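# sequence plus predicted model, see below.
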Amino acid sequence: MTAGRLRLAVFLAAAFFAGCGRAPEKNTLTGRAGETITLPKAIDTIISTAPSNSEIIVGLGLGGKIIAADEFSAALDGINKGITLIDFSYPDGETIITLNPDIIIAAEHNRTVSGEDPFRLVGEAGIPVVYIPTSDSIEGIYGDIRFIAGLLGAEEQGEALVAGMKAEIDAVARKSAGITERKSVYLELSPPPYLVSLGRKTYLHEMAELIGADNIFAGEEGWFSPSAEAVISRNPDVIITFLEDIDTFTADVKARPGFEHVGAVLNNRVFRIDANSASRPSQNIILALKQMARAVYPDIYDAP
């Protein structure tokens with residue numbers, strides 16, 4: 001038997017015995033993408049494949065149930081140290097089956113990186129895999145929290161998490177309601193030579209609106225690549241980036257050809273917001289929301 005066939009045989013055998021060892025009682029529900037999901041009655045061990053999902057699980061008080069995760073999730077407070085790290089773009093099915101989790105909570109981007117379902121064989125082995133699509137709105141994030149809470153039998157904790165978010169957002173919205181001279185903002189996700197910004201149908205655009213700012217690319221939709229000329233011509237009052245670990249961002253923006261005439265540069269209104277809280281659709285977007293608010297309107301949002 002070749003090494004490849006031996007590996008496949010071990011994989012299928014592990015899948016068979018893992019399936020045989022599962023409790024016969026099941027629970028069926030509809031997933032976020034409309035698919036039918038069959039779950040075991042009790043979920044005590046979880047594999048989480050994205051930090052946004054892991055943050056929600058931790059927020060529900062269930063981080064201790066995560067037994068394997070991506071490297072970013074594993075670094076979160078509330079998750080046990082030393083858990084198994086897995087490459088979820090190209091997961092090792094044998095390792096996952098050996099861990100025998102009750103559920104895998106995956107993200108839609110796990111599926112698109114490889115162009116196919118990376119957990120197909122694991123799912124066929126009897127381990128339920130639930131995909132959470134990337135939400136494009138704050139309301140969608142509420143839905144993600146409630147859905148994951150429902151999966152894990154933590155509905156009350158989920159409602160409490162959503163209620164806490166809503167209270168924080170309402171506090172920001174009350175202050176923005178009194179803004180009469182709105183500032184324009186340019187939100188940058190990637191620097192030159194491949195500029196990336198965003199427009200409508202993204203929760204970051206919604207957050208800009210919540211703080212009382214006008215996204216200069218509100219006419220666009222989703223993530224897209226603008227030209228430097230398009231940014232300059234719109235002359236934003238404030239420039240915000242969500243790039244991670246780029247301490248020279250402000251100096252880099254000021255050095256870009258033509259940007260020396262942009263109001264945000266002239267008035268030294270170029271800021272970097274916490275990348276993790278901005279890029280992960282979970283309850284922790286509140287940190288990015290508050291940082292954005294203080295960057296654009298320091299006199300209003302720094303006030304009690």
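Perfect, I can see it now. Numbering: from 1, shown residues only.
# in a strand, Y186, correct?
Yes - under DSSP: H, G, I helix; E, B strand; the rest coil, Y186 falls within a strand.
# partners of it in the sheet?
Bridge pairing for Y186 (DSSP bridges) gives the partners I239.
# quick one: contacts for it?
S197, N215, I216, F217, V231, R234, P236, V238, I239, I240, A264 (CB atoms under 8 Å, 6 or more residues apart in numbering). C-beta coordinates here come from the backbone N, C-alpha and C atoms, glycine included.
# for S225, see how far away T202 is.
14 Å (CB to CB, to the nearest Å).
# got it, and L204?
Taken as CB to CB, the span from L204 to S225 is 16 Å.
# kindly report the same for D87.
Applying CB to CB, the value for D87 to S225 is 28 Å.
# how about the secondary structure of the closest residue to R280 other than its chain neighbours?
Nearest residue to R280, sequence neighbours excluded (CB to CB, 6 or more residues apart in numbering): S52, at 4.0 Å. Assigned by three-state DSSP, the conformation of S52 is helix.
# for S52, what are its contacts?
S52 neighbours (CB under 8 Å, 6+ apart): A107, I132, D144, R280, P281, S282.
# where are the low-confidence patches of the protein?
1-26, 112-115, 244-247, 303-304 (pLDDT under 70).
# tally of neighbours for the residue nearest to S137 when sequence neighbours are not counted?
In space, and not counting its chain neighbours, S137 is closest to Y203: 5.5 Å by CB to CB, 6+ apart. By other CB atoms under 10 Å, the residues close to Y203 number 22.
# M207 now?
For M207, the neighbour count with other CB under 10 Å is 24.
# what about the strands in the stretch 51-200 of the chain?
66-69, 84-85, 103-107, 129-132, 184-188, 197-198 (DSSP state E, counting those that start in this stretch).
# of all those, which one is nearest V296?
strand 184-188 (6.1 Å; CB to CB).
# what comes up buried for the biggest helix by length in the chain?
Longest helix in the chain by number of residues (criterion: DSSP state H): helix 155-176. The neighbour-count check on helix 155-176 (16 or more other CB atoms under 10 Å) flags Q157, G158, A160, L161, V162, M165, E168, I169, V172, K175, S176 as buried.
# just checking, the fifth one touches I148?
No - between V162 and I148 no contact is recorded; they are 11.3 Å apart, counting by CB atoms under 8 Å.
# phi and psi next, for the residue nearest to S137.
Main-chain torsions, Y203, degrees, to the nearest 10: phi -70, psi -20.
# which residues touch it?
Counting by CB under 8 Å, 6+ apart, Y203 makes contact with S135, D136, S137, I138, G140, I141, P281, I285.
# hang on, the earlier thing: what is the nearest of the buried residues of helix 155-176 to G126?
G158 (26.6 Å).
# re earlier: what subset of the contacts of Y203 is buried?
S135, D136, I138, G140, I141, P281, I285.
# would a markdown table of those residues with distance to I97 be doable?
Below are the buried ones among the contacts of Y203 laid out as a markdown table (distance: CB to CB, whole Å):
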| residue | distance to I97 |
| --- | --- |
| S135 | 30 |
| D136 | 34 |
| I138 | 37 |
| G140 | 32 |
| I141 | 32 |
| P281 | 29 |
| I285 | 34 |
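# mind listing which of those are in helices?
Filtering the buried ones among the contacts of Y203 for helices - DSSP H - leaves I138, G140, I141, I285.
# from those residues, pick the one nearest T38.
Using CB to CB, G140 comes nearest to T38 of those, at 24.2 Å.
# what about the closest one, distance to Y203?
If you go by CB to CB, the gap between G140 and Y203 works out to 7 Å.
# also A42?
In terms of CB to CB, A42 sits 33 Å off from Y203.
# residues near R120, how many?
Neighbour tally, R120, other CB under 10 Å: 12.
# and A228, by the same measure?
Neighbours of A228 (other CB under 10 Å): 14.
# list the contacts of it.
P192, L195, R256, P257, G258, F259.
# let's see 10 Å
A228 makes contacts with P192, P193, L195, R256, P257, G258, F259, as judged by CB atoms under 10 Å, 6 or more residues apart in numbering.
# now do I286
Counted by CB under 10 Å, 6+ apart, I286 has contacts G164, M165, A167, E168, I169, A171, V172, M207, S277.
# stretch 194-201: which residues count as buried?
L195, S197, L198, G199.
# go on, stretch 104-118?
Judged by neighbour count using 16+ other CB under 10 Å, the buried positions of stretch 104-118 are I104, I105, A106, A107, H109, N110, R111, P118.
# I'd say R280 and G59 touch.
No - taking CB atoms under 10 Å as the definition, R280 is not a contact partner of G59, at 11.5 Å.
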